[in-house]
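J.: My questions concern the predicted model and sequence given below.
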Amino acid sequence: MNRKKFTPLILPIIILIIWYLITSVFNLVTSYVLPSPINVFESAITLFSSGKLFTDSIDTLFKVFGGMLFASIVAIPLGILLGWSKTLEEMSSFVISVLRPIPPVAWIPFSILWFGIGTVPAIFIIFMGCVFPILIYTIDGVKRTDKVLIEAAQTLGAGDFDILYRVMLPSAVPYIVSGLKVGIGIALMCTISAEMIGSSSGLGFLILTATNLFDTGTTVVGMLTIGVIGLVLDYIFGKIQKQIFW
Amino acid sequence: MSIKIKNINKSYSAHEKEVKVLENINFDINDGELICLLGPSGCGKTTLLRLIAGLEKANSGEIYVNDELVSKPSKDRGFIFQQYSLFPWLNVLDNVMFGLNLTNESKEENLKSAKRYLERVGLSDVENNYPHELSGGMKQRVAIIRSLLNHTPVLLMDEPFSALDMQNRHKLQEQLIGVWKRFENTIVFVTHDVDEAVYLGDKIVIMDKNPGKVKKIVDIELPRLRNRESIEFIEAQNKVKNLLDVGD
């Protein structure tokens, strides 16, 4: 059991050792090309003790959850509707297929025109990033509702709305949660581009300014923090998924 | 409720070919009768049951329940599926109350009658359990209670006990007879098992395949509860078996 627990740690330790050897022992690359682990550690201590890392993380999480919230408000009801009505799905499938592959970054010009600069356009970019996976998963979940359950409900006297609300929606919940899990991953990936637009805080902003100042240590700390936040959120969503047993 | 089946024809198109499933089906079911539809797989007995339920539409012909034309599913015609059909996100109590909760009756009354029904069939212990925690027999009993609680005058059952072992199957058949006597529903029971049909049915509609049609309707006039070991039961069983095999 202990052996299994430590297996995931082997690779990070090897990477850390090689990284240390290349940067600090053999001095193969200069610090602004690749900072040494010690550099990163020092930056982490500074950022941590000043509280900057914490406020930036909270700030980014606020934008991520804001974008997710709006995306859910739009995508879940819409997805249920489109999964339910074949006609509506056929009507909208072309539009969705064209809009979906557009990278969220491409919306930056419009987000500035529509929302100015600051937090709101950042939330918009994140919204654009995660609205489609949530929508697609919801449509899929509704469409996969077991036909027997729909027919059982019909023979128990359920009308169309009852079936939508009492059968298709609960049946789609596991898929919706999967959609949210995918969405939150994409939302985190959007943070840098989202915070390029006049943000003055957040992890994306932290990374951008540090890079401009050749402070590669801080850049790496910012990157790793986003990674760790993603890990924690993934773990939380995994726990939620385990609670859904159907 | 009485059921009249008139000139039913039903075909499916598969790979651009028309496959005839039911041809010219005609028979009546009296109020309060327990009818078994018996036949080999592919004789369209399940399709016929789904037509009575309103879950499918015939190509021609009509089905009347109490002189009303069947056009869509209704809570007057409860359906017990061969597959398990409980809502996996609801516990037993909420599952059996599903139909009641659709109407505006008081939630408290619903809960009371649900608990009473569950107690009657010995399922009180599992009323807070979820479907995945129940055995196959329990699931089908819950499904039956769910329809009964809806005050359904007609109960359509599609091989509901076929996945159960013999002991459980016999137990549930006996319970079904009890339920039927108490509630006086009209029951249409689809099965491919001669023993089950002879044990349950007032009448057995014997069906043939390619295309599905009614071969013969047999009355079983044995007293309830039927004794599987009695000579009369075995004779009836042989008679049905022979009729089923004629022409094969």
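T.: Arrived safely, thanks for sending.
J.: From here on, just use CA atoms for contacts and neighbour counts.
T.: Noted.
J.: Quick one: residues contacting residue B:80.
T.: Contacts for residue B:80 (C-alpha atoms under 8 Å, 6 or more residues apart in numbering or on different chains) come out as A:152, B:140, B:143, B:144, B:147, B:155, B:156, B:157, B:158, B:160.
J.: cutoff 6 Å now
T.: Going by C-alpha atoms under 6 Å, 6 or more residues apart in numbering or on different chains, residue B:80 touches residue B:157.
J.: Next up, the contacts around residue 56.
T.: Looking at chain A here, since you left the chain open. Residue A:56 touches A:201, A:202, A:203, counting by C-alpha under 6 Å, 6+ apart.
J.: Chain B was what I was after
T.: Under the criterion of C-alpha under 6 Å, 6+ apart, the neighbours of residue B:56 are residue B:50.
J.: Listing request: residues of chain B with sub-threshold pLDDT.
T.: Scanning chain B for pLDDT under 70 picks out B:247-248.
J.: interface residues of it facing chain A?
T.: Residues of chain B found near chain A (C-alpha under 6 Å from any C-alpha of the partner chain) are B:73, B:74, B:75, B:78, B:85, B:88, B:99.
J.: Can you get me the centre-to-centre distance for stretch A:73-84 and its chain?
T.: Centroid separation between stretch A:73-84 and its chain, computed with C-alpha atoms, centre = their mean, to the nearest Å, is 20 Å.
J.: what's the answer for stretch A:195-212, then?
T.: That offset, for stretch A:195-212, works out to 18 Å (C-alpha atoms, centre = their mean).
J.: Using CSV, write out the CA atom coordinates for that stretch.
T.: Below are the C-alpha coordinates for stretch A:195-212, written out as CSV (Å, rounded to 0.1, in the frame of the first residue of the first chain):
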residue,chain,number,x,y,z
GLU,A,195,-6.3,38.4,-17.6
MET,A,196,-4.4,39.9,-20.5
ILE,A,197,-7.2,42.4,-20.9
GLY,A,198,-6.4,45.2,-18.5
SER,A,199,-6.5,43.0,-15.4
SER,A,200,-4.4,44.2,-12.5
SER,A,201,-4.5,41.1,-10.5
GLY,A,202,-4.8,37.3,-10.8
LEU,A,203,-2.4,34.5,-11.6
GLY,A,204,-2.5,35.2,-15.3
PHE,A,205,-1.6,38.8,-14.6
LEU,A,206,1.2,37.6,-12.2
ILE,A,207,2.7,35.4,-14.9
LEU,A,208,2.5,38.0,-17.6
THR,A,209,4.2,40.8,-15.6
ALA,A,210,6.8,38.5,-14.2
THR,A,211,7.7,37.3,-17.8
ASN,A,212,7.9,40.9,-19.0
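J.: contacting residues around that stretch?
T.: Contacts to stretch A:195-212, defined as C-alpha under 6 Å, 6+ apart, come from residues A:56, A:57, A:59, A:60, A:117, A:118, A:122, A:191, A:192, A:219, A:222.
J.: ranking those residues by neighbours, who comes first?
T.: The most neighbours of any of those, using other C-alpha atoms under 10 Å in any protein chain shown, belong to residue A:122, which has 31 neighbours.
J.: Can you list the buried residues in stretch A:26-36?
T.: Buried residues in stretch A:26-36, counted by 16 or more other C-alpha atoms under 10 Å in any protein chain shown: A:31, A:34, A:35, A:36.
J.: Let me have those in a markdown table, extended by pLDDT.
T.: Putting the buried residues of stretch A:26-36 into a markdown table (pLDDT from 0 to 100) gives the following:
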| residue | pLDDT |
| --- | --- |
| A:31 | 76 |
| A:34 | 86 |
| A:35 | 88 |
| A:36 | 89 |
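J.: does residue B:74 really touch residue A:158, like I thought?
T.: No - under the criterion of C-alpha atoms under 6 Å, residue B:74 is not in contact with residue A:158, lying 8.4 Å apart.
J.: got a list of what the residue of chain B found nearest chain A touches?
T.: Ranked by C-alpha to the nearest C-alpha, the top residue of chain B for proximity to chain A is residue B:75, at 4.4 Å. By C-alpha under 6 Å, 6+ apart, the contact set of residue B:75 is A:155, A:156, A:157.
J.: I'd like to know which of the residues you listed are buried.
T.: A:155, A:156, A:157.
J.: Check the secondary structure at the closest residue to the last one other than its chain neighbours for me.
T.: In this structure, residue A:157 finds its nearest non-sequential neighbour in residue B:75, 4.4 Å apart by C-alpha to C-alpha, 6 or more residues apart in numbering or on different chains. Residue B:75 carries the three-state label coil when classified by DSSP: H, G, I helix; E, B strand; the rest coil.
J.: same question, the one 3 residues further on
T.: With three-state DSSP as the basis, residue B:78 sits in strand.
J.: My guess is it contacts residue A:153. True?
T.: No - in this structure residue B:78 lies outside contact range of residue A:153 using C-alpha under 6 Å: 9.8 Å.
J.: where does chain A dip in pLDDT?
T.: A:1-3.
J.: what's the domain layout of it?
T.: Listed domain ranges for chain A are A:1-30, A:43-245 (source: automatic domain parsing).
J.: In chain B, which residue is most central in space?
T.: Centroid-nearest residue in chain B: residue B:157, 1.5 Å away (criterion: C-alpha atoms, centre = their mean).
J.: and that residue, bridged to which residues?
T.: residue B:80, residue B:189 (DSSP bridges).
J.: And it, how far from residue B:221?
T.: 21 Å (C-alpha to C-alpha, to the nearest Å).
J.: which SSE is the closest residue to residue A:67 other than its chain neighbours in?
T.: Spatial nearest neighbour of residue A:67, chain neighbours left out: residue A:127 (4.3 Å); criterion: C-alpha to C-alpha, 6+ apart. In this structure, residue A:127 sits in helix A:119-143 according to DSSP states H and E.
J.: those helices in the chain, which residues are they?
T.: Here I'm looking at chain A. Taking DSSP state H as the test, the helices found in chain A are A:2-20, A:37-49, A:52-84, A:86-99, A:108-115, A:119-143, A:147-155, A:160-162, A:169-189, A:191-194, A:203-212, A:216-243.
J.: right idea, wrong chain: chain B
T.: Using DSSP H, helices in chain B cover B:45-53, B:92-96, B:98-102, B:107-120, B:136-148, B:166-183, B:194-200, B:231-245.
J.: so can I have CSV of the domains of chain A showing distance to residue B:116?
T.: Shown next, in CSV, are the domains of chain A (distance: least, C-alpha to C-alpha, whole Å):
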stretch, distance to residue B:116
domain A:1-30, 49
domain A:43-245, 19
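J.: okay if I get the helices of chain B as a markdown table plus mean neighbour count?
T.: As requested, the helices of chain B are exported to a markdown table (neighbours: other C-alpha atoms under 10 Å in any protein chain shown):
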| stretch | mean neighbour count |
| --- | --- |
| helix B:45-53 | 24 |
| helix B:92-96 | 25 |
| helix B:98-102 | 21 |
| helix B:107-120 | 15 |
| helix B:136-148 | 23 |
| helix B:166-183 | 14 |
| helix B:194-200 | 22 |
| helix B:231-245 | 15 |
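J.: Just read off the phi/psi values of residue B:72.
T.: With angles defined as degrees, to the nearest 10, residue B:72 sits at phi -150, psi 170.
J.: Setting the sequence-adjacent residues aside, check what's closest to residue B:219.
T.: Nearest residue to residue B:219, sequence neighbours excluded (C-alpha to C-alpha, 6+ apart): residue B:203, at 4.4 Å.
J.: show me the contacts for the one you found.
T.: So residue B:203 contacts B:35, B:218, B:219, B:220 (C-alpha under 6 Å, 6+ apart).
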